[in-house]
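A.B. asks: Quick one, what's the 3D model for this:
(one chain, ligands or ions: 2)
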Amino acid sequence: MSEYPLRDGMRRAPSTPGPHAGYMPGFGNDFETEALDGALPQGMNSPQKCNYGLYGEQLSGTAFTAHIPERTWCYRIRPSVKHSARYSRIDLPLWRSAPDIHADVTSLGQYRWDPIEAGAQDLTWLTGMRTMTTAGDVNTQVGMASHVYLVTQSMVDEYFYSADSELLVVPQQGRLRFYTELGVLDVAPQEIAIIPRGLVYRVEVLAGPCRGFVCENYGQKFELPARGPIGANAMANPRDFKASVAAFEDREVASTLTIKWCGQFHETKINQSPLDVVAWHGNYAPYKYDLRTYCPVGAILFDHPDPSIFTVLSAPSGQEGTANIDFVLFRDRWMVAEDTFRPPWYHKNIMSELMGNIYGQYDAKPNGFVPGGMSLHNMMLPHGPDQVAFDKASNANLGPEKLENTMSFMFETRFPQHLTKFAAETAPLQDDYIDCWDSIEKKFDGTAGVK
Ligand SMILES: O=C(O)Cc1cc(O)ccc1O
Ligand SMILES: [Fe+2]
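C.D. replies: Ligands and ions are numbered 1, 2, ... in the order given. As a prediction, this is how the structure comes out:
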């Protein structure tokens, strides 16, 4: 279990000790968990009266008629509909939704940003969210947004859910705790968390200040990618994903609940904590994953394969093989390819590539792409190793080499990503980024012959 005590009065389901303490292992499993003995009805979902005077409520994350429906049955102290005020619109001007396209902002280009700093401001999960790019359309549930979060303060009697999106959270600095309706997730750098659409939570700072990246997925949920010829093992293994166990509080304190809905934010008042689910069962749940358990496969003789071999999670778009979002991890690994230019090649891609550096140095960009920083190589715009990386890799001694001190990721989407005004005007954009290719020289010599 976590070294940090839960908020006073919160009770959590027991779980087996060991590496999964506080969590249940597996991806997309049908879980069941109860924080009070006998709170979960057995053999049925809707008894006439639930034990302990609980209310049964279903949270559906897929359409009722989905091929494999994802839903969770919650047994809670009060149904979610019991809040005490109508919804009223509020403004969170830096959390944007697609389409967020401005005539005076150009997204066509290669962009890179230094890390964004929180400064002296007090920022929560809601006020500290800074949208960098948006793609697709939140209203038709296609596309995504990328954000940087800067969090210095815990939400106390303040709760949130997004009806628009599933959130993939990639911490880069500090430690956060997500207290959700379905239990508690603690996440630190080199881990990720997935918060499903519609799930209520609040975010506490365990060690601040906190910074990280968020991919807001408007479309179909993230899945494990098709493995094809790789077979049943390696890449992200299902048992390394960890869902929360039930945890609830019976807390009667005036609170606010903010909802993100069609790109708007609305607030309602609630006289109790909505984190009152005593028991649940189902396959729609928040989970976390330790990126250090990702087992990379790669080139063991020659050439540099497409980065799809490093896909951790993929959110389908409806068009087979063309993801709404691929979440791709570039972690430490051995490089052994013979007679090969080993870093990423120069390329243009129909998918749009938003990258973030979690720690260390990325092989194609030894300088300038720093931990906490981001870059964007948009649809069909050329990019690749900078001049320093090209020269080094073209002349390197090609023995087995361990690429160490490196962890970066990519949110890759089939849609063009549009810069927000914040990304274009406020965030620390590197004006000289494209100069990193400037000194690439002509080497062509038509008389040199073949090697
Ligand atoms: O552009 C990048 O650095 C990301 C990337 C990495 C890689 O190994 C191959 C293709 C690709 O887009
Ligand atoms: Fe790329």
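A.B. asks: Where does pLDDT dip in this protein?
C.D. replies: For the chain, applying pLDDT under 70 flags the ranges 1-3.
A.B. asks: got the residues of it near ligand 1?
C.D. replies: 307, 344, 347, 349, 353, 364, 377, 383, 410 (CB under 6 Å from any ligand atom). (Glycine included, C-beta is placed from N, CA and C.)
A.B. asks: For the top strand by length along the chain, which helices and strands make contact with it?
C.D. replies: Looking across the chain with DSSP state E, the single longest strand is strand 201-217. In terms of contacts (3 or more CB pairs under 8 Å, 6 or more residues apart in numbering; DSSP states H and E), strand 201-217 is packed against strand 142-151, strand 158-162, strand 166-180, strand 323-335, strand 401-413.
A.B. asks: Pick out the residue of the stretch 251-400 of the chain closest to ligand 1.
C.D. replies: Per CB to the nearest ligand atom, residue 344 is where the stretch 251-400 of the chain lies closest to ligand 1, at 3.4 Å.
A.B. asks: what's the closest non-adjacent residue to that residue?
C.D. replies: Excluding the flanking residues, the one nearest residue 344 by CB to CB, 6 or more residues apart in numbering is residue 364, at 4.7 Å.
A.B. asks: Over to residue 254?
C.D. replies: Residue 254 sits nearest to residue 271 (CB to CB, 6+ apart), 5.9 Å away.
A.B. asks: Got phi/psi on the one you found?
C.D. replies: Residue 271 adopts backbone torsions of phi -90, psi 10, taken as degrees, to the nearest 10.
A.B. asks: from what I can see it touches residue 252, true?
C.D. replies: Yes - using CB atoms under 8 Å, residue 271 is in contact with residue 252, at 6.5 Å.
A.B. asks: The two - which one has more neighbours?
C.D. replies: Between residue 271 and residue 252, counted using other CB atoms under 10 Å, residue 271 has the larger neighbour count: 14 against 10.
A.B. asks: Spit out the contact partners of the more buried one.
C.D. replies: Neighbouring residues of residue 271 by CB atoms under 8 Å, 6 or more residues apart in numbering: 84, 252, 253, 254, 255.
A.B. asks: Name all residues that make contact with the last one.
C.D. replies: Spelled out, that is residue 255. Contacts of residue 255 (CB under 8 Å, 6+ apart): 157, 158, 159, 269, 270, 271, 272, 273, 274.
A.B. asks: ok, the second one to residue 282 distance?
C.D. replies: Separation of residue 158 from residue 282 (CB to CB, to the nearest Å) stands at 26 Å.
A.B. asks: Between the two, which has more neighbouring residues?
C.D. replies: residue 282 (21 against 16).
A.B. asks: Nearest spatial neighbour of that one, chain-adjacent residues omitted?
C.D. replies: Looking at residue 282 with CB to CB, 6+ apart, the closest residue is residue 72, at 3.0 Å.
A.B. asks: hang on, that neighbour in a strand?
C.D. replies: Yes - under DSSP: H, G, I helix; E, B strand; the rest coil, residue 72 sits within a strand.
A.B. asks: coming back round to it: how many neighbours does the residue of the stretch 251-400 of the chain closest to ligand 1 have?
C.D. replies: Neighbours of residue 344 (other CB under 10 Å): 19.
A.B. asks: re earlier: what number of residues lie near the residue nearest to residue 282?
C.D. replies: 24.
A.B. asks: From here on, call the first residue 3.
C.D. replies: In the new numbering, first residue 3, that becomes residue 74.
A.B. asks: ok, the closest residue to ligand 1 within the stretch 3-152 of the chain - contacts?
C.D. replies: As assessed by CB to the nearest ligand atom, ligand 1 sits closest to residue 112 within the stretch 3-152 of the chain, at 10.0 Å. Taking CB under 8 Å, 6+ apart, we find residue 112 in contact with 377, 378, 379, 380, 383, 384, 385, 435, 436.
A.B. asks: Look up which residues are beta-bridged to the spatially closest residue to residue 203 that is not a sequence neighbour.
C.D. replies: Using CB to CB, 6+ apart and skipping the chain neighbours, the partner closest in space to residue 203 is residue 182 (4.0 Å). Beta-bridge pairing for residue 182 (DSSP bridges): residue 185, residue 203.
A.B. asks: Give me the neighbour count for the residue lying closest to residue 94 once chain neighbours are set aside.
C.D. replies: If the residues on either side of it in the chain are set aside, residue 94 comes closest to residue 267, at 5.0 Å by CB to CB, 6+ apart. A total of 20 residues lie near residue 267 under the criterion other CB under 10 Å.
A.B. asks: And residue 267, its phi and psi?
C.D. replies: Residue 267 adopts backbone torsions of phi -120, psi 130, taken as degrees, to the nearest 10.
A.B. asks: So it sits against residue 96, correct?
C.D. replies: No - assessed by CB under 8 Å, residue 267 is found out of contact with residue 96, at 11.2 Å.
A.B. asks: related to what we said a few turns ago, paired strands for the next helix or strand after the longest strand of the chain, with orientation please.
C.D. replies: Following strand 203-219 in sequence order, the next helix or strand is strand 243-246 (DSSP states H and E). Paired strands of strand 243-246, with direction, are strand 25-27 (antiparallel), strand 289-292 (antiparallel) (DSSP bridges).
A.B. asks: distance between strand 243-246 and the chain's centre?
C.D. replies: Offset of strand 243-246 from its chain centre (CA atoms, centre = their mean, to the nearest Å): 14 Å.
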